[in-house]
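*Asks:* need the 3D shape of this:
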Amino acid sequence: MALAQGKTLVTLGTATPGGGFPMYGDAYSSTLNAMDATLDVQPKNTKGSTENVPLLAAGKLDIAQATGEVTYEALNGIGQAPVKLYVINAMYSQSGCSSCARTARTRASPISRANRSRGARKARASSCSRAT
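*Replies:* Now for the predicted structure:
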């Protein structure tokens, strides 16, 4: 996360244009930006879940969308070294799709502020972040 024009810039990894992740990412970013004037959440097209988790782990994305399978494998070190991700919200009612972030969820973090501002008490399955 970087500071831009007095706002915290948050990069959200989505997927390739034309799919559900970018559409959801646009609405998600707009909602977070409207709810917290200190944030500037910017969606970024990627190759999807399988690229988003490694980009989170490398610190190249702040939050990202990922399917449950990819998130599960990353958390449990299946086929890779384990990545510590935090699920920050559910994207869909069925299991398996999530948004992830790479920053620790402290009370001072922009993600925590956004969750508190919308009344969330704790993260729900689907959005993730990586602890640093």
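
*Asks:* do a quick rundown of the helices in this protein.
*Replies:* 20-35, 49-57, 68-76, 110-117 (DSSP state H).

*Asks:* tell me which other helices or strands the third one touches.
*Replies:* The one in question is helix 68-76. Here helix 68-76 touches helix 49-57, strand 85-90, strand 97-101, going by 3 or more CB pairs under 8 Å, 6 or more residues apart in numbering; DSSP states H and E. (Each C-beta comes from the backbone N, C-alpha and C, glycine too.)

*Asks:* would TSV of the ones you listed with mean pLDDT and distance to K7 be doable?
*Replies:* TSV is the format used below for the helices and strands packed on helix 68-76 (pLDDT from 0 to 100; distance: least, CB to CB, whole Å):
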stretch	mean pLDDT	distance to K7
helix 49-57	93	21
strand 85-90	82	19
strand 97-101	64	17
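
*Asks:* need the winner for burial among the ones you listed.
*Replies:* Per residue and on average, the most neighbours among these fall to strand 97-101, with a mean of 28 (mean count of other CB atoms under 10 Å).

*Asks:* hmm, who's touching stretch 42-54?
*Replies:* Outside stretch 42-54, the residues within contact range by CB atoms under 8 Å, 6 or more residues apart in numbering are 9-17, 19, 21-22, 25-26, 28-29, 55, 61, 64-67, 69-71, 74, 83, 85, 100, 128.

*Asks:* okay, how far is it across that stretch, tip to tip?
*Replies:* 19 Å (CA to CA, to the nearest Å).
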